[in-house]
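build me a model from this:
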Amino acid sequence: MNIYHIVGLVLLNSTGFKGVRILNTLYALELGASPFDIGVLLATYALFPLLLAVYAGKVADRYGVRLPLLAGMIGMTFGIFFPFVVPTLPVLYFASALIGAGFIFVQVSMQALTGTIGGPERRTHNFNLYSLGIAVTDLIGPVLAGFSIDHFGHVPTYLYLTCLNVVAAAAAIYFLARVPRFDAKSPDAEAQRTIDLVKDRDLRRTFMASAVVMTGIDMFQLYLPLHARAVGLSASAIGLILGAFAAAAFVVRAAIPILVRRLSEEVVLIYAIFLAAATYLIFPLFSGGVVLGAIAFVLGLGLGLGQPLSTILTYNYSPPGRAGEALGLRIAVNNFTHVAVPVVFGAIGSAFGLSPVFWANSVFLAAGGYASLRRPAGAGR
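Numbers count the residues shown, from 1 in each chain. A predicted model of the protein is given here:
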């Protein structure tokens, strides 16, 4: 199995995931959900990833990625399908939880597998291709969902996205025999504690920067549709604005090798956070679809670097034989903020309107970037 097989699976699976996130948000609004309800809905995606991420990483380290990868894809498929069968707001919460639980096993397994293919000399190249595949799904998923909603309605769109994940699960079954088996854990692995990873200064800084970036992405995916809907834009226009963000992420991720050669991964990541913080300040000041698309593109240039760079740094800094656990811990830290921050920002949006949410997120990003910047990059390495 090579990196292109992995990217193919990512394209199928993650397109459905990115599409259903915007679909659930817009359908929940159609069902009368408030900004606070939407914040809780987004937090529901992150609940089980928060609880299961480290466990998923340990499973991948100990037993390999075959079983968690397939189980996660099947769980996501059912999660996307349930709202088609029972289209109600409570089912959206249940489906979001199931999708999040399945996705964490898929994500950790895919990242762990990507890091092992081709050896250390190919790792940056492979993770870059992986991140480009994710960027493509960030574009296709929301745009596909938006146009499907406008032309066929919310409920039928769940069925169409389910079909993508059915194909992804079938392809995963086909590739199972090609996935390399991982060696069993070393005898002293049971004595290793997750807290030891947290105590590592470089890993800790990487986790913090990653959580800040991913929170910025989630806030954009949640509150951009709310803002765009409030100013009268259609679902197709919203999908295109989200697509502009994804297009920028694709462009900037293609430039990662050049940026890393000129600067370190840590420096590029911190600069990206500050760019995103500045961009969030101006979002509420505009209502035109073209202008919002342009702002989203600039935001994508900043936040689009966060996932691949933090993933590469986490894998590079992880102790031997614990890459899956470290990647899982990174995702758990991300999802801790995903659970807490959307609820807090949802309460702010319900009480004061949407503009303060964008400005508060700008402050959050700037503070996280500054806190990361204060620590010497790569100290002790």
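
so where's the chain shaky on pLDDT?
By pLDDT under 70, the low-scoring segments of the chain are 118-121, 176-192, 338-339, 342, 372-381.

please enumerate the helices of the stretch 151-300 of the chain.
Along the stretch 151-300 of the chain, the stretches classed as helices by DSSP state H, counting those that start in this stretch are 154-175, 194-199, 201-230, 235-254, 256-262, 265-282, 289-303.

tell me which of the ones you listed sits nearest to residue 319.
Closest to residue 319 of the helices of the stretch 151-300 of the chain, according to CB to CB: helix 194-199, at 7.6 Å. Placement of C-beta: from N, CA and C, glycine included.

who are the packing partners of the closest one?
The helices and strands touching helix 194-199, judged by 3 or more CB pairs under 8 Å, 6 or more residues apart in numbering; DSSP states H and E, are helix 201-230, helix 323-352.

quick check: buried residues in that helix?
residue 197 (16 or more other CB atoms under 10 Å).

output that helix as PDB, nothing but the C-alphas.
Output in PDB follows, covering the C-alpha atoms of helix 194-199 (Å, rounded to 0.1, in the frame of the first residue of the first chain):
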ATOM      1  CA  THR A 194       0.700   9.300  28.500                       C
ATOM      2  CA  ILE A 195       1.600  12.000  30.900                       C
ATOM      3  CA  ASP A 196       5.200  11.600  29.800                       C
ATOM      4  CA  LEU A 197       4.300  12.800  26.400                       C
ATOM      5  CA  VAL A 198       2.700  15.900  27.900                       C
ATOM      6  CA  LYS A 199       5.800  16.600  29.900                       C
END
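
hmm, back to that, got TSV for the helices of the stretch 151-300 of the chain, with distance to residue 61 too?
Compiled in TSV, those are given as follows (distance: least, CB to CB, whole Å):
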stretch	distance to residue 61
helix 154-175	20
helix 194-199	12
helix 201-230	16
helix 235-254	27
helix 256-262	26
helix 265-282	23
helix 289-303	29
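
coming back round to it: among the helices and strands packed on helix 194-199, which comes closest to residue 307?
Judged by CB to CB, the one of the helices and strands packed on helix 194-199 that comes nearest to residue 307 is helix 201-230, at 7.1 Å.

and the angle for the closest one with helix 235-254?
Angle, helix 201-230 to helix 235-254, by axes from the mean of the first three to the mean of the last three CA atoms, to 10 degrees: 150 degrees.

run the angle between helix 201-230 and helix 323-352 for me.
Helix 201-230 runs at 40 degrees relative to helix 323-352, counting by the same axes, to 10 degrees.

can you give me the buried ones in helix 201-230?
The neighbour-count check on helix 201-230 (16+ other CB under 10 Å) flags 202-229 as buried.

one more: stretch 242-252?
Of the residues in stretch 242-252, those buried (16+ other CB under 10 Å) are 242, 243, 244, 245, 246, 247, 248, 249, 250, 252.
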